[in-house]
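> Dropping the sequence and predicted coords here.
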6 protein chains.
Amino acid sequence: MFMRRDQLLIELPEPKNADPDAGAALNEILGGQFGEMSTLNNYMFQSFNFRDKTKLSPFYSLIASITAEELGHVELVTNGISLLNNGPPGAAPMGHPSEAPYASFTRNRAVAVFALDVGAGLPFDSNSRPWNAHFVFHTGNLVLDLLHNFFLECGARMHKLRVYEMQTDPVGREVLGYLLVRGSVHAQAFALALKKLTGVEIEKMLPVPNITHDGIPEAAKFEAEGRHRHLYRFSHEDYADIAGIWSPDETTYDRSGPLEVHDMPPDGGSIKDMPGVPNQFTPDYAPEEMMEIATKLWKKAH
Amino acid sequence: MFMRRDQLLIELPEPKNADPDAGAALNEILGGQFGEMSTLNNYMFQSFNFRDKTKLSPFYSLIASITAEELGHVELVTNGISLLNNGPPGAAPMGHPSEAPYASFTRNRAVAVFALDVGAGLPFDSNSRPWNAHFVFHTGNLVLDLLHNFFLECGARMHKLRVYEMQTDPVGREVLGYLLVRGSVHAQAFALALKKLTGVEIEKMLPVPNITHDGIPEAAKFEAEGRHRHLYRFSHEDYADIAGIWSPDETTYDRSGPLEVHDMPPDGGSIKDMPGVPNQFTPDYAPEEMMEIATKLWKKAH
Amino acid sequence: MFMRRDQLLIELPEPKNADPDAGAALNEILGGQFGEMSTLNNYMFQSFNFRDKTKLSPFYSLIASITAEELGHVELVTNGISLLNNGPPGAAPMGHPSEAPYASFTRNRAVAVFALDVGAGLPFDSNSRPWNAHFVFHTGNLVLDLLHNFFLECGARMHKLRVYEMQTDPVGREVLGYLLVRGSVHAQAFALALKKLTGVEIEKMLPVPNITHDGIPEAAKFEAEGRHRHLYRFSHEDYADIAGIWSPDETTYDRSGPLEVHDMPPDGGSIKDMPGVPNQFTPDYAPEEMMEIATKLWKKAH
Amino acid sequence: MFMRRDQLLIELPEPKNADPDAGAALNEILGGQFGEMSTLNNYMFQSFNFRDKTKLSPFYSLIASITAEELGHVELVTNGISLLNNGPPGAAPMGHPSEAPYASFTRNRAVAVFALDVGAGLPFDSNSRPWNAHFVFHTGNLVLDLLHNFFLECGARMHKLRVYEMQTDPVGREVLGYLLVRGSVHAQAFALALKKLTGVEIEKMLPVPNITHDGIPEAAKFEAEGRHRHLYRFSHEDYADIAGIWSPDETTYDRSGPLEVHDMPPDGGSIKDMPGVPNQFTPDYAPEEMMEIATKLWKKAH
Amino acid sequence: MFMRRDQLLIELPEPKNADPDAGAALNEILGGQFGEMSTLNNYMFQSFNFRDKTKLSPFYSLIASITAEELGHVELVTNGISLLNNGPPGAAPMGHPSEAPYASFTRNRAVAVFALDVGAGLPFDSNSRPWNAHFVFHTGNLVLDLLHNFFLECGARMHKLRVYEMQTDPVGREVLGYLLVRGSVHAQAFALALKKLTGVEIEKMLPVPNITHDGIPEAAKFEAEGRHRHLYRFSHEDYADIAGIWSPDETTYDRSGPLEVHDMPPDGGSIKDMPGVPNQFTPDYAPEEMMEIATKLWKKAH
Amino acid sequence: MFMRRDQLLIELPEPKNADPDAGAALNEILGGQFGEMSTLNNYMFQSFNFRDKTKLSPFYSLIASITAEELGHVELVTNGISLLNNGPPGAAPMGHPSEAPYASFTRNRAVAVFALDVGAGLPFDSNSRPWNAHFVFHTGNLVLDLLHNFFLECGARMHKLRVYEMQTDPVGREVLGYLLVRGSVHAQAFALALKKLTGVEIEKMLPVPNITHDGIPEAAKFEAEGRHRHLYRFSHEDYADIAGIWSPDETTYDRSGPLEVHDMPPDGGSIKDMPGVPNQFTPDYAPEEMMEIATKLWKKAH
């Protein structure tokens, strides 16, 4: 069972411009084979179908609690895409539909998607191919599933880095900087779990690719806060035994400090209000009508 | 941001037998076009991309909080499929791999899937076609998105009813009985939201299809508890203004009582431990090895 | 522009039993790569996009008029599938949904599809894979497009023959017997068109596969009526110049008589009324309600 | 059974320029989830599989006759795409293949499609994803199927409006203006049918999105002719009882006049001749050869 | 560039019976995500796109030469499927097509595929889903690509083992026994390559899953010949430097002997002649016609 | 069984510039429905599943040996795409990842693919849609399969010609010039095989489309060497009886000389070394590290 809080994991900056081409690239990290929908659903279904979870409880807890974090990652990157695609408030073209206000949009890479969903972040990849369940791997064999997860996080890091290399707007860079740090935590967590089971020190292979976050300012600042050493339970009641795998007698792969388990991440950021745009028919009401509706419902709720 | 608790929304019975054909049918409700993955991801991405959410806050809260409930639905139906496919502990065939212990499995409908993931619940439909993002609808136009959601819940109810008509094992029936009740709550909630915006009393169309839950014992018992009148926030902090839409001055569509908002659902059920099976290589460890690993990690975590 | 008449191309017999496995096989001829949806959409889009149609008018007319016939083929095979899946009136299991009246259906090949659409004929193949637009071929090069069409009809005939070999119910056999005859007309028509353009007597390759319809009683009876020699315009106004390609100075490939162009096919058959089934929620009304509705609307229309 | 006439539903203007990017956007309305292929095939297969059609005859006739109109819509939008992609006669680059006459085409959005089918309208969406049968909905439950159709038409209207906002060439605007009007007729027709069955005045929700056609000149001119009040049978023999649903005692949702049933739409437009282009190998014959072939076949047909 | 020899890698036994259900399961190993088409195309495209292959030549040679072996694996498993589906000569039902000789085939799992391609081995998975290029992974980052390949071979071994557990016919067991041995060689080879680059002794994780081949007689006999210690170049001219990775100073992961590079595998087996079946229209000629054709062509070739 | 040699079929020129848009177009010839992956896998699986191959040996040998050539075609076009996408050595942008060196890449057509696989040639089409097994046709009926192959080669030639018309860089033109010549050989070979079986002189339809290679310098030069008259066995041991079909008493369809069978093609070209790029993380090692690794492995291999 899951609960929700109306908060982003981090505060995102305002976008500088609408740049749907950059947004399309970022979409790879949402709905691509190595995007956040894939990490989410892999861990979610592995935790739902975990075998012998009582006996192997720390491994179960590890996968189960990371699932909850991945939900927040999907939320974060979705917000980033939407901000990048739409730009700051007021960036949408004005004019009556009959004036073809969006004519120039046909030259953008994701034009059709933009026309249909006005730049929302949806679980498609950078080529508008839908995320699908073939990207979920589960065999019930714990070593194999963990090996998969370790590989998945390394592949995801490669793709994040290359998409990062194409982002100039602070929104895309912030999203990716944060996800690089957290993804590395997950890669290391799966590596340590594998080590417990097989004895192979596979965490020594990290980082893949072979570049640290020192030169990536949007990631480095989160590491300065120690976030690369923290694993979160995302639960006040359960999953405490992940401390059996992620424990202070281990350090990060770059030896920058001991590993720690926290109940919850630090307070996050507000979710930006995406304004409606009349000639996009979002949300399809004149401002005065919206006020009237809102007032009525507010009274009803109190 | 999302949190997790190690609990199912309800307690599931033990399966009587392994029945992968019935499990395959139930899979439609997980990964089919009108399954729980579809309701989850529709509401999740609609809430992530909601327009003018400050002004239209109750509508945003409605979609956002139902998203959290849908996560629990996906978990529930996944567990149901896994229990149905695998049957009670000890139902798996014994024998060394070289004795072809699973030879008879080639006659089952989902044999290949079974062989690959040992009967796990995965987000595919009843014909093993993957869930995919084309099943997500979002336009940012609130009336249209709500109309979609109302239609989606009606379609989902039809499919649940027909799959229910094929289930004899108590596991599948319990899962579906519960989901029928909760799905009807969501259908009515979206109908009421539409009514606030358009004035059309679309909730009077319910139930679709035209059958009540009276004669469905696994649903009727939850209605006897009033669960068809309760909408949950799934949050201790947020989304309280759904009470503007789901309010005691409305009754259920069958006029059986006033609508109420609750913070959280009543305590749920335990997640069954699916035992590992050596000749399935799950989880790939001899029982004594597992004990040893578990002990070590337990110590580490304390 | 297209018109419609409420008639099947031929009269179909009653099915003897419900046999969804045979229906699943027949579905290959509706939604498979070489099924009627493919022939329909190939010719439809080739006619919509035909180049230099004024100068090459008989070729255009040939493809355009066959398109209209293919619509009737899609209708015919769809009706056949629905009849096979559902069987004669009264074949559906009785009982309240809570009695699991459809439990035994989980053992059928197309169970899930059956549960979802109650055995309707839908454009999926025999493995429930959706028909899709990759099956449409068009290059605008007339020789290449006609070569494709000739190959497509030969491939379609092979698949019809093999599906025919699996049918015992008169419904499936009648549908296929008729389509074998008409498909052979189309194969020969495209062959003759190719001969006009290239001089190659490709019609001498027919029949592919190398079996005549003599021993197939459901096809032979239509040939006895001369239907293998008739090409229909499916139009009272247009496409008369197909007589430039399909003309009496040519005979059928088996030399059984001269080729003739007719305006329309002989009168067809009635479309069977598929009765609603309460526990399938089709059409979701008690018989008395339906009568009342019908009476009201009848009055309104007169 | 269907007949064909060699006419477009309306006369289309000449395109001003070749604009494959605008054509790619228009392709969403042909092969997208809410495009004309979807409306066509939904209604076609719903009519083929209709339950209890004798008793519920006006509902059957409604869906059956709209199917025929949708065939003409598919033809219309296909012609529009082809005209937009190719531009006016003479717009294709000249030069021998070895001079790379189409080199600049690699910068267009649909370049590859263009190269392969020389700009034909084919049933793919604006991202070149194929139309597929998962877009067809049918349950046999009349209320649910009509609710789907109502939602489908509202969704289709949204997408048409947004694609319209990207069109500057008169071809794309004319196609969309006309389809907006006719799609609104269908939305209202399904709404009225639903009202007959459920009593819910769902037509009062229209228009979705909340914008009338007044300011859209290409639509307004067809409304001035009353076409938003006319439902066509597309048949001289059948489907007359749609008058039970679409009747003069109802007005359009904007109260602009009474509803009327007509047998057929007014005379339509000619289908433009798309000239062959030698360096595209369409139709692959020198003009003089084509003349010779044409003469021979003309003689044969007379 | 590739050459071909008309030989299977090993001699296959005759099948005992036609068992298309077992064949369908084996199809997972041909066209599934972890089947031989996946290993083949991963290594083929990684070798085609290898970066800095001169400097990293042994790694390039390793991937390039294993590609050639995988072609033989695809051939082997394809032959196995075809033999299993069709059974020994004479197993096909007799009778004229009009007698519905294949009626009983509609009860088999892969019936439709059988009807269409008469039991051929084609690159689809056990649920008739097509192999597709999303199963190919390549980033150009050598560590990541090798980590992928190591994971892929482990996943492939799991799936082979579980499919093996469903096979009783000697054909399927022989194919899988051999592939288990060779796949393990490839897993170890990629592990050793990774160790050279990263220092991590990942080969110590093997075998995954945790079962040796001792108890699998069809694999054990190949290991008795030392084939689990041999890596083949599949080239007389190139790729000799794989000896830098696969060298006698390493042993197999089970320490059963030193690793050796061979130019080519030992002589293989004959490819069984699949007889044509008249009522399947394969190959569509009467025996006497085939003889006549063969004689003519034989003379021409000499 | 297959062997490999480290050689391209021909020598490719250096690319002049990086042009991923032209590369995307060329990708159609690798992974499109009529690309080299399709010809390869059609012939490969037809040869694996050939019926009555002993009696019909020359036909089997024809398909089997062309398969081997197609592997080289896939290699060739893959190399061409990679060269076109990446350009000459040094064309990749410089700069640390945090400087967004690839920002401008978001404007290219295949940007996302480029970002993910750094411009590798992978089996996707020009719209990044994956090659899939639905493109493989096999029925076991020899006439029908050969007719398919003849059509496939004609379709492939059309697509190659149109992609050629978009290429200005010598790499793409050289690849296509060569493939046009070899594809024409295959078209004619299948035509002659069909003629042996049916008597129809289908080779007289060639060339499709109706343009010779005279004016295409990159093709004409290979014809000047006689390569349009040569069929290769790609085997030193087997397939000699293709001479029964491809024999000196036939000439090319343009009557330019007698047909000849050769054992192997003339010596080919070297495979270009694609240099690693540090900010692409290919191959993820500093040059000095790579040298050290290489030296160690070299010693080990000697």
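Perfect, I can see it now. Residues are numbered from 1 along each chain as shown, chains lettered A, B, ... in the order given.
> Could you report the pLDDT at the spatially most central residue of chain A?
With distances taken as Cα atoms, centre = their mean, residue A:73 lies nearest the centre of chain A, 2.3 Å away. Residue-level confidence at residue A:73 comes out at 98, pLDDT.
> Would you check that it makes contact with residue A:38?
No. If you go by Cβ atoms under 8 Å, residue A:73 and residue A:38 don't touch, sitting 10.8 Å apart. Bear in mind the C-beta positions are built from the backbone N, C-alpha and C, glycine included.
> hang on, residue A:138 in a helix?
No. Using DSSP: H, G, I helix; E, B strand; the rest coil, the assignment for residue A:138 is coil, not a helix.
> Can you get me a residue count around it?
For residue A:138, the neighbour count with other Cβ atoms under 10 Å in any protein chain shown is 23.
> Tell me the spacing between the closest residue to the residue nearest to the centre of chain A other than its chain neighbours and residue A:160.
Once flanking residues are discounted, residue A:73 sits nearest to residue A:36: 4.5 Å by Cβ to Cβ, 6 or more residues apart in numbering or on different chains. Separation of residue A:36 from residue A:160 (Cβ to Cβ, to the nearest Å): 10 Å.
> higher neighbour count, the two?
Between residue A:36 and residue A:160, residue A:36 has the larger neighbour count (other Cβ under 10 Å), namely 27 against 24.
> Do I have it right that the more buried one meets residue A:30?
Yes. Using Cβ under 8 Å, residue A:36 is in contact with residue A:30, at 5.8 Å.
> what touches both of these two?
Taking Cβ atoms under 8 Å, 6 or more residues apart in numbering or on different chains as the criterion, residue A:36 and residue A:30 both touch A:74, A:77.
> need the contact list for the residue nearest to the centre of chain A.
Contacts of residue A:73 by Cβ under 8 Å, 6+ apart are A:9, A:36, A:39, A:40, A:179, A:182.
> Closest to residue E:68 out of those residues?
Distance to residue E:68 across those (Cβ to Cβ) is lowest for residue A:39, with 35.0 Å.
> What strand or helix carries the closest one?
Under the criterion of DSSP states H and E, residue A:39 resides in helix A:36-48.
> so how far is that helix from its chain's centroid?
Relative to its chain's centre, helix A:36-48 lies at 12 Å (Cα atoms, centre = their mean, to the nearest Å).
> Name the nearest of the contacts of residue A:73 relative to chain D.
residue A:36 (21.2 Å; Cβ to the nearest Cβ).
> Starting from residue D:162, give me the distance back to the spatially closest residue to residue A:275 that is not a sequence neighbour.
Sequence neighbours aside, residue A:89 is the residue nearest to residue A:275 in space, at 5.1 Å (criterion: Cβ to Cβ, 6+ apart). Going from residue A:89 to residue D:162 by Cβ to Cβ gives 20 Å.
> element containing the residue nearest to residue A:100 when sequence neighbours are not counted?
Spatial nearest neighbour of residue A:100, excluding adjacent residues (Cβ to Cβ, 6+ apart): residue D:168 at 5.0 Å. Using DSSP H and E, residue D:168 is not contained in any helix or strand.
> just to revisit the earlier point, residue A:89 and residue D:162 - which one has more neighbours?
residue D:162 (25 against 13).
> Chain E versus the closest residue to that one other than its chain neighbours, what's the distance?
Of all residues not flanking residue D:162 in the chain, residue A:115 sits nearest, at 4.4 Å (Cβ to Cβ, 6+ apart). Going from residue A:115 to chain E by Cβ to the nearest Cβ, to the nearest Å gives 26 Å.
> residues contacting residue A:115?
Taking Cβ under 8 Å, 6+ apart, one finds A:102, A:105, D:25, D:28, D:126, D:159, D:162, D:163, D:165, D:166 in contact with residue A:115.
> Could you do residue A:157 as well?
Residue A:157 makes contact with A:180, A:183, A:184, A:187, A:207, A:208, A:209, according to Cβ under 8 Å, 6+ apart.
> Extract the residue ranges of the stretch 101-250 of chain A that are flagged as low pLDDT.
By pLDDT under 70, the low-scoring segments of the stretch 101-250 of chain A are A:109-113.
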